[in-house]
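Student: Quick check, what structure comes out for this input:
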Amino acid sequence: AGDTVDVDLLLLRSATQLAPLEVVAPAGRALGKMARFEDHRKAGLGRFYDRQALIKQGDSAVLAGLLRGTAGIRLIQLPSPCTGAAAASARGVGSMEVPARMSCLGSPMYMGCYLTIMIDGVMAWTWGEPDPPNVEDINLGEFQAVEVYRGPSEVPIELNRTSSACGMLVLWTRTGENP
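Tutor: Here you go, the predicted model:
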């Protein structure tokens, strides 16, 4: 009962080896901004052109060529400088029609119900601004995907604005690779 024992304890570090951790994502699920494109496509409204469809258009293809083959869209010649075209809904006249102006040739020119343009979720051009962008100057090689909504009833609710009463073009740029 009165004895003392001196003990030296030696502690050694020991690492516990854990089993490898495997992370699995569902096959084919788009990531980042392209997930929004896929969600819109699943909704089934509008026309959708993914990267494969854009590649089929050719190396020097422009947005105007893609839109010429899209039902419900028409291209209207821009009045200044008398070259190029703007994308408009073919749904007929309505409150969003822009009044007629004089064309390059001096005759009245039909002005359409132009599509609002959004790039990567940011408004690029909207109805009421000066002349819409020339879709013959927009190279498809810069884009990963294109969404075309021919009227307000097709535009997804999160994209719908009062300025998209004629429809909308949604362009998704290429990232993470050399175009």
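
Student: hang on, V170 in a helix?
Tutor: No: with DSSP: H, G, I helix; E, B strand; the rest coil as the criterion, V170 is assigned strand and is not in a helix.

Student: residues touching it, list them.
Tutor: 37, 40, 118-119, 146-149, 159 (CB atoms under 8 Å, 6 or more residues apart in numbering). C-beta: built from backbone N, CA, C; applies to glycine.

Student: Out of the residues you listed, give me the one that has the most neighbours.
Tutor: Y149 (27 neighbours; other CB atoms under 10 Å).

Student: now do the same end-to-end measure for stretch 151-159.
Tutor: 12 Å (CA to CA, to the nearest Å).

Student: what sits against D59?
Tutor: Applying CB under 8 Å, 6+ apart, we find D59 in contact with G141.

Student: picking that back up, what about the contacts of V170, which are in strands?
Tutor: Among those, the residues falling in strands (DSSP state E) are 118-119, 146-149.

Student: Just the element for L31, please.
Tutor: Counting by DSSP states H and E, no helix or strand carries L31.

Student: ditto for L54
Tutor: If you go by DSSP H and E, L54 is part of helix 51-56.

Student: Packing partners of that helix?
Tutor: Helix 51-56 is packed against strand 143-149, with contacts defined by 3 or more CB pairs under 8 Å, 6 or more residues apart in numbering; DSSP states H and E.

Student: and the strand it packs on, how far from the chain's centre?
Tutor: Strand 143-149 has its C-alpha centroid displaced from the chain centroid by 5 Å (CA atoms, centre = their mean, to the nearest Å).
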